[in-house]
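Asks: What would the 3D arrangement of this be:
(2 chains)
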Amino acid sequence: MLLPGVIYYILFRYLPMYGVIIAFKDYSMVDGILGSGWADPWYKYFTQFFNSPYFSQLLVNTFLISFYKLIFGIVPPIAMALLLNECRLKWFKSVVQTLTYMPHFLSWVIIYGILLALMSQSSGLFNRLLEDAGLSSIPFLTSPDHFRAILVGSEIWKDLGWGAIIYLAAMTGIDPTLYEAAKVDGSGRLRMIWHITLPGIRNVIVLLLILKLGQIMDAGFDQIYILYNIQVYSVADILDTWVFRTGLQQLNFSLGAAVGLFKSAIGLVLVLGSNQLAKKWGEGIW
Amino acid sequence: MVKSLEDRIFNLLVCLFLGLAALGAILPLMYVVSVSITPISEVLKNGGFILIPKAVTFSAYEQLFTQTGIPRAFAVTAFITIAGTAVNLVLTALMAYPLSRKLMPGRSFFLLMILFTMLFSGGIIPTYLVVKSLGLLDSVWSMILPNAVWSFNVLIMKSFYEGMPEELFESARIDGAKELRILLQIVVPLSVPSMLTIGLFYMVGHWNEFFQAIMYVTDRSLFPLQVIIREILMMTQQPLENAENVLPTETMQMAAVITASLPIIVVYPFIQKHFTKGMLLGSVKG
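Replies: A predicted model of the protein is given here:
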């Protein structure tokens, strides 16, 4: 019964892991993975990458974009969950939830389209408004100054409501007698949020933060690949997008595989490390 | 219960902020809808700023469906969504059920095998080479098979199956049922709600398929919707590169965005509660 799934895992998950040996070989299409000769020295492609100007740029971009997303991606959903939790109008709450969950299901291509409608320099809504007001237009989507803000902003927009779900679930687990006791003691709603609700979801916040820490090497391939353009490579290009361009589009298979392996290895260390951290907080994942 | 003035103000503020968040989620989309159904002359004249169009025309949609590759891409996407989800569900159930049975030999080995793939992967290039050597390049299956199982969903289903009472299986076994029969006639019918939930996750994933398509498919007739839409969106930025095509107007671009998101937006309210349940299913550790 397990067979089809196991075949899948071997073919599409473990065979590629074996395939990373091409990072140590001079891969050529004709000879295949086994037939290609070993690179000389075996770490040739790694040094080639470490010595290239891309190395620091890609690393900085990957970390910075992830980091911004981590920081700015955690407060808005919590605020959203708090507001939903405090809302006393049942129907209004469910309407808001329905509307704010929805962007999560739109693809990045769709969101790119929406961003174009709002922000493109030639026809975007914002720039039309700026021009009407006598100001000059701003190339939101093609200037390095704004690009990371747009990456982070669009991610917040997409996942604001969706991200709130898990905090909301944690809030329903808080003992209601705590609120009653606080009410008897005469504390207002804000005090209750600060002293009961927030501490009550602290574990979940920490857990999610740590989980995201483990994924810091994945700054979001789909989103960046779809949104970026040649003008903003300097601030938007991350390891994955570079591997895709250099490895697949320019056919530098060995170099691409080496950078991919580098990324996976650091990712592995980060996940394991963050799980250790999580265990310290009593929230280990395994 | 008498509400204090302070309480009323607080409620009002909560509703106000929630309302703003909901508007923030929906207004950009409404703007895109209205641009797409406004005559292009009107769009140019009004400087793009229209929320409620004065005149309505569906000519952009007409052009979109007659002059671009959209209908074909729709068919491709529909196919990978339906076939892909079917493959996903069958494989996920076949993996998760044996793994949920404590008696299964080698259980922890296979579990470890799945977990490890969540931590480490061969990377983009080796995976590409595997797909290539399997002869899947330029076939619809390259957008289905490489992601036929999501490890996370296997774990979710596994913990769901684990919650089923052991007596159920024992009595079936006494009645002479083999494991496959137990899975088909007892486990699957009982797990319809959770199968539906992860099925919906898989479905959205396939509908929004982009990454695998740009990696593995170069044959234009096999491009899924998202890839075509992105091309249409990109065309104003690099005009006349594809001289064979009519240059899409702004309204056509927005019509394309709506076309690709409409199926999700239409079915979404009906399936929303399942999604929310699924999200929580994943967050509760098994």
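Asks: Just list the residues touching the closest residue to residue A:212 other than its chain neighbours, thanks.
Replies: Leaving aside its sequence neighbours, residue A:212 sits nearest to residue A:70 (C-beta to C-beta, 6 or more residues apart in numbering or on different chains; 5.2 Å). C-beta coordinates here come from the backbone N, C-alpha and C atoms, glycine included. Counting by C-beta atoms under 8 Å, 6 or more residues apart in numbering or on different chains, residue A:70 makes contact with A:209, A:212, A:213, A:216.
Asks: distance of the first one from residue B:212?
Replies: Noted for residue A:209: a distance of 30 Å to residue B:212, by C-beta to C-beta, to the nearest Å.
Asks: buried residues in stretch A:60-80?
Replies: Residues of stretch A:60-80 classed as buried: A:61-62, A:65-66, A:68-70, A:73-74, A:76-78, A:80 (neighbour count, 16 or more other C-beta atoms under 10 Å in any protein chain shown).
Asks: Would you mind giving the residues you listed as a markdown table with distance to residue B:195, pLDDT and secondary structure added?
Replies: Below are these laid out as a markdown table (distance: C-beta to C-beta, whole Å; pLDDT from 0 to 100; DSSP: H, G, I helix; E, B strand; the rest coil):
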| residue | distance to residue B:195 | pLDDT | secondary structure |
| --- | --- | --- | --- |
| A:61 | 40 | 94 | helix |
| A:62 | 36 | 94 | helix |
| A:65 | 36 | 94 | helix |
| A:66 | 34 | 94 | helix |
| A:68 | 37 | 93 | helix |
| A:69 | 32 | 93 | helix |
| A:70 | 33 | 91 | helix |
| A:73 | 30 | 87 | coil |
| A:74 | 32 | 89 | coil |
| A:76 | 32 | 94 | helix |
| A:77 | 28 | 95 | helix |
| A:78 | 32 | 95 | helix |
| A:80 | 30 | 96 | helix |
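Asks: quick one: the helices in the stretch 51-200 of chain A?
Replies: When secondary structure is read from DSSP state H, counting those that start in this stretch, the stretch 51-200 of chain A shows helices at A:54-72, A:75-86, A:90-101, A:108-119, A:125-132, A:144-172, A:176-184, A:189-192, A:198-200.
Asks: State the distance from residue B:203 to residue B:160.
Replies: With the distance defined as C-beta to C-beta, residue B:203 ends up 18 Å from residue B:160.
Asks: What is the burial count for residue A:9?
Replies: Look at residue A:9: counted by other C-beta atoms under 10 Å in any protein chain shown, it has 23 neighbours.
Asks: quick one: which helix or strand includes the closest residue to it other than its chain neighbours?
Replies: Distance criterion C-beta to C-beta, 6+ apart; nearest residue to residue A:9, sequence neighbours excluded, is residue B:113 at 6.1 Å. For residue B:113, the enclosing helix or strand under DSSP states H and E is helix B:107-119.
Asks: Quick check: closest non-adjacent residue to residue 139.
Replies: Let's take chain A. residue A:121 (4.6 Å).
Asks: think we crossed wires, I meant chain B
Replies: Residue B:139 sits nearest to residue B:222 (C-beta to C-beta, 6+ apart), 7.4 Å away.
Asks: I'd say the one you found and residue B:141 touch.
Replies: No - in this structure, residue B:222 is not within contact of residue B:141 by C-beta atoms under 8 Å, at 10.3 Å.
Asks: more neighbours, the two?
Replies: residue B:222 (20 against 17).
Asks: which residues does the more buried one contact?
Replies: With contact taken as C-beta under 8 Å, 6+ apart, residue B:222 is in contact with B:76, B:138, B:139, B:140, B:213.
Asks: Low-confidence ranges, the stretch 51-200 of chain B, go.
Replies: For the stretch 51-200 of chain B, applying pLDDT under 70 flags the ranges B:51.
Asks: So which bits of it are right by chain A?
Replies: Contacts of the stretch 51-200 of chain B with chain A, taken as C-beta under 8 Å from any C-beta of the partner chain, map to B:90-92, B:94-95, B:97-99, B:110, B:113-115, B:117, B:119-131, B:133-134, B:145-149, B:154, B:179-180, B:183.
Asks: Report the buried members of those.
Replies: Buried by 16+ other C-beta under 10 Å: B:91-92, B:94-95, B:97-99, B:110, B:113-114, B:117, B:119-131, B:134, B:145-149, B:154, B:179, B:183, out of these.
Asks: Just those: which are in helices?
Replies: The helices, defined by DSSP state H, take in B:91-92, B:94-95, B:97-99, B:110, B:113-114, B:117, B:119, B:124-131, B:154, B:179 from those.
Asks: circling back to that earlier point, against which helices or strands is the helix holding residue B:113 packed?
Replies: Applying 3 or more C-beta pairs under 8 Å, 6 or more residues apart in numbering or on different chains; DSSP states H and E, we find helix B:107-119 packed against helix A:253-280, helix B:70-100, helix B:151-162.
Asks: Can you give me the distance of residue A:168 to chain B?
Replies: 9 Å (C-beta to the nearest C-beta, to the nearest Å).
Asks: Hmm, that residue is touching residue A:81, no?
Replies: Yes - Residue A:168 sits in contact with residue A:81 when judged by C-beta under 8 Å, with a separation of 4.6 Å.
Asks: do you know how far residue A:236 is from chain B?
Replies: Distance of residue A:236 to chain B, given as C-beta to the nearest C-beta: 15 Å.
Asks: What is the neighbour count of that residue?
Replies: Residue A:236 has 22 neighbouring residues, counting by other C-beta under 10 Å.
Asks: give me every residue that touches it.
Replies: Taking C-beta under 8 Å, 6+ apart, we find residue A:236 in contact with A:61, A:65, A:144, A:147, A:148, A:151, A:224, A:227, A:228.
Asks: So for it, what's the pLDDT?
Replies: Residue A:236 is assigned 92 on the pLDDT scale.
Asks: Residue B:35 too?
Replies: pLDDT, read off for residue B:35, is 86.
Asks: how far is the lowest-mean-pLDDT helix or strand in chain A from where the chain is centred?
Replies: Every helix and strand in chain A was compared by mean pLDDT, DSSP states H and E; the lowest is helix A:32-35, with a mean of 70. Per C-alpha atoms, centre = their mean, to the nearest Å, the displacement of helix A:32-35 from the mean C-alpha position of its chain is 35 Å.
Asks: What residue, apart from its backbone neighbours, is nearest residue B:228 spatially?
Replies: Nearest non-adjacent residue to residue B:228 (C-beta to C-beta, 6+ apart): residue B:73, at 4.2 Å.
Asks: go on, residue B:21?
Replies: residue A:100 (5.6 Å).
Asks: quick one, what contacts the one you found?
Replies: A:80, A:160, A:161, A:162, A:164, B:21, B:22, B:25.
Asks: any idea which of those is the one closest to residue B:227?
Replies: Using C-beta to C-beta, residue A:162 comes nearest to residue B:227 of the contacts of residue A:100, at 24.5 Å.
Asks: The helices and strands packed on helix B:107-119: which one's closest to residue B:189?
Replies: Minimum separation from residue B:189 across the helices and strands packed on helix B:107-119 (C-beta to C-beta) falls at helix B:70-100, 11.8 Å.
Asks: quick one, that closest one and helix B:151-162 angle?
Replies: 50 degrees (axes from the mean of the first three to the mean of the last three C-alpha atoms, to 10 degrees).
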